[in-house]
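Asker: Fold the stuff below for me.
(chains A and B)
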There are 2 protein chains.
Amino acid sequence: MPSNSFDRYLEKTRTLADINAAIAVLSWDQETYMPHGAAVARAEQIATLSTLSHQMTVADEYRAILDEVKVDAANGLLEEWEKAAVRESVREFEQASKLPEDHVRDFARAQSLAQHAWKEARDRSDFSIFADSLAHLVQLKRREAELFGYDENIYDALIDLYEPGMTVAQLRPVFQRLMEGTRVILARIRESGAEVSNDLLTRKFDPEKQISFAKETVAKLGFDFRTGRVDLSAHPFCTSFAPSDVRLTTRVFSNDLRSCLFGLIHEAGHGMYEQGIDARFVRTPLASGTSMGIHESQSLFWENMIGRSERFWQWAFPKLQNQFPESLAGATPSDFFRAINVVQPSFIRIEADEMTYNLHIIIRFEIENALINGEIEVADIPALWNRKMEEYLGIVPKNDAEGCLQDIHWSFGGFGYFPSYTLGKLYAAMFYDQAKKDLPGLEDEIASGEFGRLLGWLRANIHQHGKAKRSAELATAICGKLLTEEPFLAYMTAKVEKVYGLGELAGNDVAAESAPAGA
Amino acid sequence: MPSNSFDRYLEKTRTLADINAAIAVLSWDQETYMPHGAAVARAEQIATLSTLSHQMTVADEYRAILDEVKVDAANGLLEEWEKAAVRESVREFEQASKLPEDHVRDFARAQSLAQHAWKEARDRSDFSIFADSLAHLVQLKRREAELFGYDENIYDALIDLYEPGMTVAQLRPVFQRLMEGTRVILARIRESGAEVSNDLLTRKFDPEKQISFAKETVAKLGFDFRTGRVDLSAHPFCTSFAPSDVRLTTRVFSNDLRSCLFGLIHEAGHGMYEQGIDARFVRTPLASGTSMGIHESQSLFWENMIGRSERFWQWAFPKLQNQFPESLAGATPSDFFRAINVVQPSFIRIEADEMTYNLHIIIRFEIENALINGEIEVADIPALWNRKMEEYLGIVPKNDAEGCLQDIHWSFGGFGYFPSYTLGKLYAAMFYDQAKKDLPGLEDEIASGEFGRLLGWLRANIHQHGKAKRSAELATAICGKLLTEEPFLAYMTAKVEKVYGLGELAGNDVAAESAPAGA
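Answerer: Reported below is the predicted structural model:
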């Protein structure tokens, strides 16, 4: 017996999906093509559609339909994916309904003020300008976390917004071991005295050629230009209006090869995830990536596991050199591989290398956890930040602009978001380990510029499921285990040994099995 | 005493304006950047937002607010522009409410079928493929016209959709005199035996250079790139998401200079109109051009009155020649002026010259009037079309593809639209006549590339009023008279005399006063 209420549910969820897609188009246009003078009008258009979307999400009529369709689900009238769609809609409904209107309004106002204050504070490198606004946001997010509810740690309620099911209790031991492993590797580099130059990345590179090389590269990886496109914006991003309409952006600097190319490979990783979602899920809440962490695993998979691997550049470097024969004259694929993998503690998260990046995340995670739990005050942040930078990375920011004011996330109240970045790296390494086992000869394929089987594996195991399967379910189904830092540390150790020409060291068990014979 | 109901009205009308702006953004993106594979998803997104917009327009809640605010208007509680906004909203409400849902659905389906049938019919040049779909659309539009109501002629109800207040009774004598005047001028050219070549327009012109020249030109005319931009699309258009966000498109052919440049000047004319609307009208129904005819008067004003004038090219031609020194070698501003103003009866409306274009429109007007009044059947169209082409233009289409199947308008049921094009030409000439009287020295300014005073005149007299003043009100306020063909015929006669080197002829009174001394 088919479910009539599911049809009514679908009608509503499609309307919601279409409104949300329109908001995404308006936002994409704002970042790519919109004339500056249109900022106020656009903000009003987006606010109006967002209000409509919110009103529909919390409407009594929708609640009634969800109640009916939940009964059908319990009575076995729905397929698995239909049940998952209802589960996600109920989650959205509950999240939206738990926040009273006055809170939503207060929060929007506080966000707006905080973003202005943060910009000024960062420009002047003066944390005190931002402190009051930030304290207000922390207070509101604490209220929000209480309204959402949690079992153990109030911060869990906020992490759950980005990574459903993830908790501080799960993250802390993983992050602890990750930090220790990272510091071991950093010490090995330091003690070896080896140095690798990345000078060849900052020569002159024609922007048009960079863009066309980057586009050709992501097309070759598997990003489908029939259902996607690439534009320029101040900061690279990926947005999806439907699995058949995925937009990437990148940016380009004539004196740095990295930003355009790796930015686009990263976004194409997000984009291929969105393009690969099961066609049945279109216009339902299942038609997007399952969590920020898994989404980031897909972008980092292509950017780092593939795009910063030596094998990839054995295939791609001659093509790149062909585009820039003068600037890359005399360089070998191996030189290039080493240059793009230099490890060096630095102040700015988004400029950090693949490995020390996680230390930046752990600092933010620890500070957010303490803040939301009321263990520290906003005023404590600058000193605490600098102390942790010194302890974990061995360097101290000269000022707050290159310290605790560098990220935009806190200015919009995005507490709980940062862990996603490191989750992405850890999941990516777990998935790559498994892909190599499932697909014998995979690395040879990469070295020949063949990525079809790999993309097929990601599609079958991850992409097609959209939001139907949660992160933990995916990890268990694919790798037979929950989140772990081991594959990442092993991968990183092997890479660093190659880049810095380190031999195997006694006691470095983690790295041993992956270390290349001739490193 | 301020009107509280007006505030509630504004809230609703702003929501509607924002939704309609979002639809316009989705449509713009569809024509400019959207990947092909997204067509189905985009159609659904636009349909969903259009349904929302329609539901809000006809909702009882909105009707109640309109009823209240109409009372406030009658009681003198509203300013003039506020009353005009309410008048336009009531008009929209009534138009939307008069159509029963089954009609809207039937019509949407009939449109969709007719568009497919028309494309196939045109491709195969076989009117019979399109005939049944067209007959169905005619029947539905007749029903629609009855539902909207009319005083004298059923076709008036459809013309009114594009040109509020305009009727067949007003148009017929104007069109009759316009046709007669046009045939006099055509006969003069023919009898003179003079010929003008436009070969220099179809040499090789680098597309990038064409686009940048066209953009610089419209910027110089006054199109504001802080609140607007230019992109490429298959067919040029202008769309506005707000007076602060106006998008133009053009297209470019490397072997024809006209399409990109005159297409963009034309669209910039529409765009400057939208950019010039009173800021108080933003997010109300007043924030767009008042009618298709007046809108077209603005695009044609800049494209033809200015952009195809000899004075304009005295200023602009050296710049153009500088961009294309080889292809335009040896040509003078006068050669160029003559080339872009060749008059020649031809089959395709959109390729017709400034003057014979109106004969194409009159043919369509007469056929539509007869069709909607039930005086002819759809099956009569091809023969009637060809007979009128022969009578008015002296040429007979070889087949229906270059005859009655050439335009898309009937395939979406756009009966009543065609007269707007000629109204635009007639209003443009009336306005230019008046502008020259109001602004002594105007033509010298044009010859020096100065357009600020002219744009200011258009802003003050036309643009700022948006939809607050109707066409007839504008014409009367600016020119002291209603629609007339005289200024257009005088302008055209003077131009043709210059282009073809004709002397003044006895009995050619209309042209005499405008004919240049040395023609």
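Asker: got a list of what A:Glu375 touches?
Answerer: A:Glu375 is in contact with A:Asn369, counting by C-beta atoms under 8 Å, 6 or more residues apart in numbering or on different chains. Using the backbone N, CA and C atoms, a C-beta is placed for each residue, glycine as well.
Asker: would it count as being in a helix?
Answerer: No. Assessed by DSSP: H, G, I helix; E, B strand; the rest coil, A:Glu375 does not belong to a helix; its assignment is coil.
Asker: What score does it have for pLDDT?
Answerer: Per-residue pLDDT puts A:Glu375 at 98.
Asker: Quick check on it: phi, psi?
Answerer: Dihedral pair for A:Glu375: phi -80, psi -20, per degrees, to the nearest 10.
Asker: before we move on, what about A:Ser240?
Answerer: Note on A:Ser240: backbone dihedrals following degrees, to the nearest 10 are phi -120, psi 130.
Asker: Distance-wise, check it relative to chain B.
Answerer: 10 Å (C-beta to the nearest C-beta, to the nearest Å).
Asker: Let me know how buried the residue lying closest to that residue once chain neighbours are set aside is, in neighbour terms.
Answerer: Counting by C-beta to C-beta, 6 or more residues apart in numbering or on different chains, A:Glu274 is the residue found nearest to A:Ser240 once chain neighbours are left out, at 4.0 Å. Neighbour count of A:Glu274, defined by other C-beta atoms under 10 Å in any protein chain shown: 27.
Asker: who's in contact with A:Glu274?
Answerer: For A:Glu274, counting by C-beta under 8 Å, 6+ apart, the contacting residues are A:Cys238, A:Ser240, A:Pro243, A:Val246, A:Ser288, A:Gly289.
Asker: make it 6 Å
Answerer: A:Ser240, A:Pro243, A:Val246 (C-beta atoms under 6 Å, 6 or more residues apart in numbering or on different chains).
Asker: By neighbour count, which of those wins?
Answerer: Among the contacts of A:Glu274, the one with the most neighbours (other C-beta under 10 Å) is A:Val246, at 29 neighbours.
Asker: So in terms of bridging, what pairs with that residue?
Answerer: Per DSSP bridges, the residues bridged to A:Val246 are A:Gly228, A:Ser240.
Asker: Check it and give its pLDDT.
Answerer: A:Val246 is assigned 98 on the pLDDT scale.
Asker: That one is in contact with A:Gly228, isn't it?
Answerer: Yes. The criterion here is C-beta atoms under 6 Å, and A:Val246 meets it with A:Gly228 at 4.1 Å.
Asker: Just name the closest of the contacts of A:Glu274 to B:Ser192, please.
Answerer: Among those, A:Val246 lies closest to B:Ser192 (C-beta to C-beta), at 60.8 Å.
Asker: before we move on, back to that, format the contacts of A:Glu274 as CSV; extra columns: distance to A:Arg453.
Answerer: Listed next are the contacts of A:Glu274 as CSV, based on distance: C-beta to C-beta, whole Å:
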residue, distance to A:Arg453
A:Ser240, 24
A:Pro243, 21
A:Val246, 22
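Asker: which sections of chain A are below the confidence cut-off?
Answerer: A:1-3, A:504-519 (pLDDT under 70).
Asker: just to revisit the earlier point, what's the overlap in contacts for A:Val246 and A:Gly228?
Answerer: Contact criterion C-beta under 6 Å, 6+ apart; residues shared by A:Val246 and A:Gly228: A:Gly271.
Asker: what's the spacing between the most centrally placed residue in chain A and A:Gly289?
Answerer: The residue lying closest to the centre of chain A (C-alpha atoms, centre = their mean) is A:Glu296, at 3.3 Å. As for A:Glu296, its distance to A:Gly289 is 9 Å (criterion: C-beta to C-beta, to the nearest Å).
Asker: now swap in A:Ile381 and tell me
Answerer: 31 Å.
Asker: My guess is A:Phe412 contacts A:Gln111. True?
Answerer: Yes. Applying C-beta under 6 Å as the test, A:Phe412 and A:Gln111 come out as touching, 5.2 Å apart.
Asker: burial count for the residue lying closest to A:Glu303 once chain neighbours are set aside?
Answerer: If you skip the residues right next to it in sequence, A:Glu303 has A:His266 as its closest partner in space, 4.1 Å away by C-beta to C-beta, 6+ apart. A:His266 has 25 neighbours, counted by other C-beta under 10 Å.
Asker: what about the host helix or strand of A:His266, distance to the chain center?
Answerer: Taking DSSP states H and E as the criterion, A:His266 maps to helix A:258-275. On the basis of C-alpha atoms, centre = their mean, to the nearest Å, helix A:258-275 sits 11 Å off its chain's mean C-alpha point.
Asker: Could you look up the next helix or strand downstream of it?
Answerer: Taking DSSP H and E, what comes next after helix A:258-275 is helix A:292-300.
Asker: For that next one, which helices and strands make contact with it?
Answerer: Contacting helix A:292-300 under the criterion 3 or more C-beta pairs under 6 Å, 6 or more residues apart in numbering or on different chains; DSSP states H and E are the following elements: helix A:258-275, helix A:419-438.
Asker: repeat that for 10 Å
Answerer: helix A:156-162, strand A:238-242, helix A:258-275, helix A:419-438, helix A:471-479 (3 or more C-beta pairs under 10 Å, 6 or more residues apart in numbering or on different chains; DSSP states H and E).
Asker: Just the buried positions in the helix or strand following the last one, please.
Answerer: From helix A:471-479 onward toward the C-terminus, using DSSP H and E, the following helix or strand is helix A:486-500. Buried positions in helix A:486-500, judged by neighbour count with 16 or more other C-beta atoms under 10 Å in any protein chain shown: A:486-500.
Asker: buried stuff in stretch A:149-168?
Answerer: Using 16+ other C-beta under 10 Å as the test for burial, stretch A:149-168 gives A:150, A:153-164, A:166-168.
Asker: What are the structural domain limits within chain A?
Answerer: A:1-98, A:134-202+A:285-519 (automatic domain parsing).
Asker: May I see those organised as TSV, with distance to B:Leu16 added?
Answerer: Formatted as TSV, the domains of chain A follow (distance: least, C-beta to C-beta, whole Å):
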stretch	distance to B:Leu16
domain A:1-98	9
domain A:134-202+A:285-519	27
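Asker: With respect to B:Leu257, which of the ones you listed lies nearest?
Answerer: B:Leu257 lies closest, by C-beta to C-beta, to one member of the domains of chain A: domain A:1-98, at 26.4 Å.
Asker: What segments of the stretch 51-200 of chain A are helices?
Answerer: Remark: helices assigned in the stretch 51-200 of chain A by DSSP state H, counting those that start in this stretch are A:60-74, A:80-98, A:101-124, A:128-148, A:156-162, A:168-192.
Asker: out of those, deepest packed?
Answerer: helix A:156-162 (a mean of 22; mean count of other C-beta atoms under 10 Å in any protein chain shown).
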